[in-house]
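*Asks:* this is a predicted model, with the sequence first.
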Amino acid sequence: MADHLAAQTPLEEHRKLAVFAGEWVGEETVFPSRWNAGGPATSKVSARIDLNGFYLIQDTRQTRDGKESFATHGVFTYDRDDRLYKLFWHDSLGYYPPSPASGGWTGKSLILVRGSLRGNARHVYEVIDDNSYSMKIQYSPDAEGWSDVITGVYRRIH
């Protein structure tokens, strides 16, 4: 019974995701790619800890030239079996990975990598302070050399 109850209690690793919870506005740079032309963008990010504290659920809406250009839905959690963080990622391009991004913290950065038939993506979320963080999504065909797809700095909306 004790194992059953312990399994229902979030760990410190789960609680650490709360640093990204809240309402945020971000100034972003979108890099030219095969998906679109590069340029500046603004994103609104709404993120909350939910489902008994086990998940950070994050929704992002990006605007470019006055129109919504990209939207994402991310679900972050900690896997107590393999002791890695997981990111289940969905976006308005319609792609979804065959398995979640996986990784962990290095200093103040949460780094998660996911692979698909189209290549590899790396998400890096770095805590700047209580009211700001940076994010970059990078692409690599071989998980060796990484190129930026989107970078941004997000400030908490009070």
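*Replies:* Structure's in. What do you need? Numbering: from 1, shown residues only.

*Asks:* for stretch 10-29, buried residues please.
*Replies:* 10, 13-14, 16-17, 20-22, 24, 26, 28 (16 or more other Cβ atoms under 10 Å). All C-beta atoms are positioned from the backbone trio N, CA, C, and that covers glycine.

*Asks:* with secondary structure, pLDDT and distance to Tyr78 added, can I get those in a markdown table?
*Replies:* Formatted as a markdown table, those follow (DSSP: H, G, I helix; E, B strand; the rest coil; pLDDT from 0 to 100; distance: Cβ to Cβ, whole Å):
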| residue | secondary structure | pLDDT | distance to Tyr78 |
| --- | --- | --- | --- |
| Pro10 | coil | 95 | 8 |
| Glu13 | helix | 97 | 4 |
| His14 | helix | 97 | 5 |
| Lys16 | helix | 97 | 8 |
| Leu17 | helix | 98 | 7 |
| Phe20 | helix | 98 | 13 |
| Ala21 | coil | 98 | 15 |
| Gly22 | strand | 98 | 19 |
| Trp24 | strand | 98 | 21 |
| Gly26 | strand | 97 | 24 |
| Glu28 | strand | 97 | 27 |
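
*Asks:* which other residues reach stretch 116-134?
*Replies:* Stretch 116-134 is contacted by residues 19-20, 24, 87, 89, 95, 97-98, 101, 108-115, 135-143, 146, 149, 151-156 when judged by Cβ atoms under 8 Å, 6 or more residues apart in numbering.

*Asks:* 6 Å instead, please
*Replies:* 19, 97, 101, 108-114, 135-141, 143, 146, 153-156 (Cβ atoms under 6 Å, 6 or more residues apart in numbering).

*Asks:* weed out the non-buried ones from these.
*Replies:* 97, 101, 110-114, 135-139, 146, 153-154.

*Asks:* Ser43 contacts Gly26, correct?
*Replies:* Yes - contact status for Ser43 versus Gly26: in contact at 4.3 Å, counting by Cβ atoms under 6 Å.
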